[in-house]
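[1] Here's my sequence, what's the structure:
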Amino acid sequence: MSSQNPERVKVLEDGPYEVSGNVPLNQLNLVPDAEGACVEYAKQKDYEDQPVYHLCRCGMSNDKPYCDGSHYHGFESRETAEHKTYDEMAGFIQGEQIDLLDAEILCAVGRFCDTNGTTWDLVKDKDNPKIKDIVIDQCCKCPSGRLTAVTKYGQRIEPRLPKEISVLEDPDCQVRGPIWVKGGIIIEDAEGGIYPVRNRVTLCRCGKSQNKPFCDARHMDNEGETAQESDDISLL
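    Below is the predicted model:
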């Protein structure tokens, strides 16, 4: 492991995520508005600091978010995600006041893109002076990094995120959300390969994703089951 990048998430074959490098862990709840679109995150708890810990990715642990060995009872954990960069995954959408990059395959259904009308509709508005700020806020709160706002000067706008991991819970939909890995932490596959490093990554923890290890929103298939459990920005 590189001493320059000690924070790392290692996907263990047929097992959990091994997190090393003293990465802080907390739980955040998605907070919706009256229409069900999410507007913010609410911290519920901080977990005890540990230099190394293991997070469940099969969805069966009785000690969530930690692994308790339940994957030994049968878990198809083969990674299916390609090692593509964000630019290779994202399409460009030209807007009137601000542009958009959209990597749909990364969607984790955070629903921040649905406030004040969807992001894709808002970028078509050329008259409302508040549109740029709304779109930037929507994109920067997108946990998976599917959406990135781009100024008309070509500058990508990214939130400043700490190197930490948040377990996302979605009480409004009564589902457990993904594992939100922030701040450019390395994700290593089961064979030792490194996925392209991104500021915002959501990892599957329901065990159902068809884009493992990344979340593809299949946890929403469990909607209705009871769940257990304004950032600064920079111009790039």
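
[2] okay, CA-based contacts and neighbour counts for the rest of this
    Will do.

[3] And the strands in this structure, which stretches?
    8-11, 17-20, 25-32, 38-46, 52-55, 91-93, 99-102, 147-150, 156-159, 164-170, 175-182, 186-188, 200-203, 233-235 (DSSP state E).

[4] Just the terminal-to-terminal distance for stretch 166-181.
    Taking CA to CA, to the nearest Å, stretch 166-181 runs 7 Å from one end to the other.

[5] By mean pLDDT, flag the weakest helix or strand of this protein.
    strand 233-235 (a mean of 44; mean pLDDT, DSSP states H and E).

[6] domains in the protein, as residue ranges please.
    By the assignment in automatic domain parsing, the chain contains the domains 8-33+43-82+167-229, 86-159.

[7] Gly59 touches Cys206, doesn't it?
    Yes - with contact defined as CA atoms under 8 Å, Gly59 counts as touching Cys206 (4.2 Å).

[8] State the distance from Phe214 to Ala81.
    7 Å.

[9] which of these two has more neighbours?
    Comparing Phe214 with Ala81 by other CA atoms under 10 Å, the one with more neighbours is Phe214, at 24 against 15.

[10] so the more buried one bridges to which residues?
    Leu203 (DSSP bridges).

[11] Quick check: it touching Thr202?
    Yes - with contacts counted by CA under 8 Å, Phe214 reaches Thr202, the gap being 5.9 Å.

[12] Quick check: neighbours shared by these two?
    When CA atoms under 8 Å, 6 or more residues apart in numbering defines a contact, the residues bordering Phe214 and Thr202 alike are Leu106.

[13] any idea what sits nearest Leu122, other than its immediate chain neighbours?
    Ile131 (6.6 Å; CA to CA, 6 or more residues apart in numbering).

[14] which residues sit in contact with that neighbour?
    Shown in contact with Ile131 (CA under 8 Å, 6+ apart): 97, 122-123, 125.

[15] okay, the closest residue to Thr85 other than its chain neighbours: pLDDT?
    Spatial nearest neighbour of Thr85, excluding adjacent residues (CA to CA, 6+ apart): Pro196 at 5.6 Å. At Pro196, the model reports a pLDDT of 98.

[16] Right, I'll call it a day here.
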